[in-house]
Structures are given as C-alpha cells and as structure tokens.
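Engineer: Sequence and predicted structure, then a few things I'm wondering about:
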Amino acid sequence: MVEPVVARKTWRTLEPVHGVVYFAPEPAEEYERAGLAPGRMGYFASRAAPMGTPPAETVIAAFFNFNPALVHSVIPAAWTLADPVRITEARRIGIDRTLRRILGDSVASPGLARAAELARVAAETACERPEGRPLFAGHAALAWPDHPHLVLWHAQTLLREFRGDGHVAALVTHGLSGIEALVTHAASGDLPAEVLRATRAWPADDWAAAVDGLRGRGIVDADGAFTDPGRALRQTIEDLTDTLAAPAYASLGDDGCAELRELVRDISKQIVAAGDFGVAALRAAAE
C-alpha cells in the first residue's frame, strides 16, 4: 500500500487531464454532432453511457449531488437521441481534439507515453476492485484507446471514478445527502457556495434548508461556515476517501507515484493555462 496522502497528491496532479472533458468546447461539439441536445445533456449522457441506458434514478444515485429535476430533464431523453456507444465515441473524439489542441506536438512525447504507461498500471490495479463502485465499473468495461494521450486520459478517468465512488460511500457513511455534501464543500472554501449550487441546479430554498439542517446538527454555523465539529467531519470524510482510493496506486508504490506526478505536472499546468477551467468555466457550464 501507498500512504493515502500519496493517492490524493497523485490524483490531484493528474485531475486536469480528466476534468477538461467537462469544460472544453470540443466534447460538447461532438455530443451535438452525435444527436444530443445542447447544454447539460452531453455531460450526463457521456458520463453515464458506459453504464448502458440507465434511468434517471440510477444517474441521480451514481452522480450523487445533482438536483434530481436536472437529471430528469435530460435522462432518459438522451437515450432516444443517441445510443451509448455513439455517445462514448463522441466523448473520446472530443477529448482527443481537446488534448491535441492544448498539448500540440507533446501528445507524442516520450514523457507523456511514460506517464500513460504508469497511469494505466494504477488504473488496471483499480479494475481488480470494482465492488461497490458502479460508475467506475461501467467505465472500466470500456476498451483501452491506442494513443498515449488518450490512454493517459482514460486511465485518469478510471482513477477519478474509482475515487469518486469511494467518496460517495464515505459521504453516505457519515450521513450526508448530496446537497449537504455540497454545502460542506462550500464551507471548506474550495469553491463559492453559489457556484456549487448553480452547477448542480439546486434552488435557493433547497440550499437554505440544507444549511439549516446542517446547522441543527452542529456542522455549520448561521453563515454556512464550518464549526469545529463540522471541520473535523469534513477531514474524516476526506481521509476516508483517500484511504479508499489508495489501493489503486499500490502497484506503483511511492517511487512510481512520484515519477507519474513529475511527468504529468507540466501537462496539467498546460491544460489549466488553456483557460477551460476556473470559476468562470464552472458558471458557464451551469447555464
């Protein structure tokens, strides 16, 4: 085993490689080309498609923190417009275009190829433990791409969903609903409450009710900021999430994880610098 903090550092360094698929214009263009409606449909359909044609209730459960009404507005309608195989292909074409635009000739660099090799080792280790991770398992059933930059992206996608399913388990274990998890995320200061509320389409009244409920439990104060017990709860959940994610990186060990982070650090910086991330991108994605 590697220490859970190593798992967290490795995930954070690689996360832009995966996360850009949600904000760059190219995937959205490909979803529309495949037949999906503009807007949020592409996000939900492309991420859920590896599970087949799940009903809205399954997507709500797996994605965890979105307003159910938002999910119902696009699922199952998406499955009548494009089949999951076509949607998954559109996602891969979109991220291929995105990474080639941002990284240029470095998509063929030896360093990226080595990073893809290491990330795949970790992802395939995660694939040995799919139990209790339904969203991850759906993505794990997809075929591996051929090109190194897509191998790196797919590997990080698997590692992100592996971690994400574990995070949901940690939240449920500690009695937090999806909207309550968002309120605690806002209390941590990582992102503004309004951005989290808007991107998950929660009405202001629902958000206020969640804050009131957490205040009654002593987790946040009247302003929605953490109390000391709330801050401790958040740390407990994050620590458990790290622990649940750590087995994926055991096959790399500390040295392999350090090498992978070093190889991907500049790649991730390039992706972030391209301007597809940030609070502005999150707000735009919610529109």
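Structural biologist: Looks like it arrived, so ask away.
Engineer: Below-threshold pLDDT in the stretch 101-250 of the chain: ranges please.
Structural biologist: When the per-residue scores of the stretch 101-250 of the chain are filtered using pLDDT under 70, no range remains.
Engineer: where along it do the helices fall?
Structural biologist: Under the criterion DSSP state H, counting those that start in this stretch, helices of the stretch 101-250 of the chain are mapped to 110-126, 134-140, 148-173, 178-188, 193-199, 204-216, 228-245.
Engineer: List the buried residues in the fourth one.
Structural biologist: Applying a neighbour-count criterion of 16 or more other CB atoms under 10 Å, the buried positions in helix 178-188 are 178, 179, 180, 181, 182, 183, 184, 186, 187. C-beta here means a position set from N, CA and C on the backbone, and glycine is covered the same way.
Engineer: so what's the fifth one up against?
Structural biologist: For residue 182, the contact set (CB atoms under 8 Å, 6 or more residues apart in numbering) comprises 65, 196, 197, 200, 202, 210.
Engineer: Just the closest of these to residue 55, please.
Structural biologist: Using CB to CB, the shortest approach to residue 55 within the contacts of residue 182 belongs to residue 65, at 18.2 Å.
Engineer: And for that closest one, nearest residue in space, chain neighbours not counted?
Structural biologist: With CB to CB, 6 or more residues apart in numbering as the criterion, residue 65 has its nearest non-adjacent residue at 3.7 Å, and that residue is residue 178.
Engineer: give the contact list for the one you found.
Structural biologist: For residue 178, counting by CB under 8 Å, 6+ apart, the contacting residues are 64, 65, 66, 200.
Engineer: can you put these in TSV and add secondary structure, distance to residue 83 and neighbour count?
Structural biologist: As requested, the contacts of residue 178 are exported to TSV (DSSP: H, G, I helix; E, B strand; the rest coil; distance: CB to CB, whole Å; neighbours: other CB atoms under 10 Å):
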residue	secondary structure	distance to residue 83	neighbour count
64	coil	25	21
65	coil	27	20
66	coil	23	20
200	coil	27	19
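Engineer: List just the nearest of those residues to residue 135.
Structural biologist: Taking CB to CB as the measure, residue 135 lies nearest residue 64 of these, at 9.3 Å.
Engineer: about what we covered before: same list (the contacts of residue 178) but as JSON lines, adding distance to residue 221.
Structural biologist: Converted to JSON lines, the contacts of residue 178 look like this (distance: CB to CB, whole Å):
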{"residue": "64", "distance to residue 221": "25"}
{"residue": "65", "distance to residue 221": "22"}
{"residue": "66", "distance to residue 221": "26"}
{"residue": "200", "distance to residue 221": "22"}
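Engineer: Closest to residue 142 out of those residues?
Structural biologist: Out of these, the member with the shortest distance to residue 142 (by CB to CB) is residue 64, at 21.3 Å.
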